[in-house]
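[1] take a look and give me a structure for this.
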Amino acid sequence: MERLKNLVSNKEGMAKFSHMKEGIMFYKAEGVDGTSYMIPLDATNLEDLGRGTFECEIKNITLMRYIRKAINSNSLIQLNNII
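    All right, here's what the predicted structure looks like:
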């Protein structure tokens, strides 16, 4: 829950598209504490993504659903941790 709150509390935070590998889109986002994360979105799951448009930059809060899924499936990647 802490990681979700950290990411979506960053009201000005913009997740930036990083890359796509094996049908998974990755967005890089920064939390309010400066920690960076890589958020995976399964582009092969059309039932989940539907006909959505995914821009190069998306507000962190907009990706909350996918952040929560990544946390629950243990696939949210923490890139760094500022102490």
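[2] name the single longest helix found in this structure.
    Criterion DSSP state H: the longest helix present in the chain is helix 64-72.
[3] which residues touch it?
    By C-beta atoms under 8 Å, 6 or more residues apart in numbering, the list of residues contacting helix 64-72 from outside reads 3-4, 7-8, 29, 37, 39-41, 60, 76. For glycine as for every other residue, the C-beta is placed from the backbone atoms N, C-alpha and C.
[4] so what are the sheet partners of the next helix or strand after that helix and their directions?
    Toward the C-terminal end, the helix or strand that comes next after helix 64-72 (DSSP states H and E) is strand 77-78. Paired with strand 77-78 in the same sheet, following DSSP bridges, are strand 36-42 (antiparallel).
[5] residues making contact with the partner strand?
    The list of residues contacting strand 36-42 from outside it, by C-beta under 8 Å, 6+ apart, reads 3, 7, 15, 18, 23-31, 48-49, 54, 63, 66-67, 70, 75-80.
[6] got the angle between the longest helix of the chain and strand 36-42?
    If you take axes from the mean of the first three to the mean of the last three C-alpha atoms, to 10 degrees, helix 64-72 sits at 100 degrees to strand 36-42.
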